[in-house]
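Visitor: Structure of the sequence below:
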Amino acid sequence: MDFYRVLQTLGRFLDQRETRYGVIGGVALGVYGIARLTVDLDLVIDREAQADLVTFFESLGYETLHCSDAYSNHLHPDSAMGGVDVVYVRGETERRIFEAARSLEGPNRLEILVPCPEHLAAMKVAAMKNDPDRTLQDLADIRNLMRLPGVDREAIREAFEKHGLRERYLELENDP
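Guide: Numbering: from 1, shown residues only. Sure thing, here's the model as predicted:
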């Protein structure tokens, strides 16, 4: 997948509409220096932009594989355009994520907005709760996020407790 090309294409579209968006998933982990193989692009976007964004994806030739209030999944037949997963947020969640997000250097030195490590971890905790098959990989990612300098482990613990996964957090806390 050509992450740079896809980010530029989506970025132009979203910037024209003054829609806030951030990069999450494996690309975001890479920006934080956490090596992780990824074959798709994951974004977090203002929920109000969903209908226009899905229409835009389809105008580019993407097939919408799934679409709900909180999530959409899109796949292009050209492997360079690849797959894009979108998490939609609104209200207080949106405000908190984007206020704490950081502009960092992404693929090909492209400046991208990336949620703080604590918010990336919280999204992974929610994903684990919704799809337990993701648990091993997401726990590994969260462990690496927790090792970043200055990360608020208490905020990450709270995310686990909010989703009823306190025991999973304790596994990470006890792991060197």
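
Visitor: Could you list the domains of the chain?
Guide: Using automatic domain parsing, the domain parsing of the chain gives 1-115, 116-176.

Visitor: Pull the distance from the last one to the chain's centre.
Guide: Relative to its chain's centre, domain 116-176 lies at 14 Å (C-alpha atoms, centre = their mean, to the nearest Å).

Visitor: Could you export the domains of the chain to JSON lines, including columns for mean pLDDT?
Guide: Compiled in JSON lines, the domains of the chain are given as follows (pLDDT from 0 to 100):
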{"stretch": "domain 1-115", "mean pLDDT": "95"}
{"stretch": "domain 116-176", "mean pLDDT": "93"}
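
Visitor: For the residue positioned nearest the centre of the chain, list the residues it contacts.
Guide: Among the residues of the chain, Ile24 comes closest to the average C-alpha position under C-alpha atoms, centre = their mean, at 2.4 Å. With contact set as C-beta atoms under 8 Å, 6 or more residues apart in numbering, Ile24 has these partners: 42-44, 87, 114-115, 120, 123. Just so you know, the C-beta spots here come from the backbone N, C-alpha and C atoms, and that holds for glycine as well.

Visitor: Closest to Gly30 out of the residues you listed?
Guide: Val114 (9.8 Å; C-beta to C-beta).

Visitor: Dihedrals phi and psi, the closest one?
Guide: The phi/psi pair for Val114 (degrees, to the nearest 10) reads phi -130, psi 130.

Visitor: Surely it touches Ala100?
Guide: No - shown here, Val114 and Ala100 do not form a contact pair, counting by C-beta atoms under 8 Å, at 10.2 Å.

Visitor: who's in contact with Ala127?
Guide: By C-beta under 8 Å, 6+ apart, the contact set of Ala127 is 134, 138.

Visitor: So it versus Leu139, what's the distance?
Guide: 11 Å (C-beta to C-beta, to the nearest Å).

Visitor: number of nearby residues for the closest residue in space to Gly83 that isn't next to it in sequence?
Guide: In space, and not counting its chain neighbours, Gly83 is closest to Asp40: 3.9 Å by C-beta to C-beta, 6 or more residues apart in numbering. For Asp40, the neighbour count with other C-beta atoms under 10 Å is 17.
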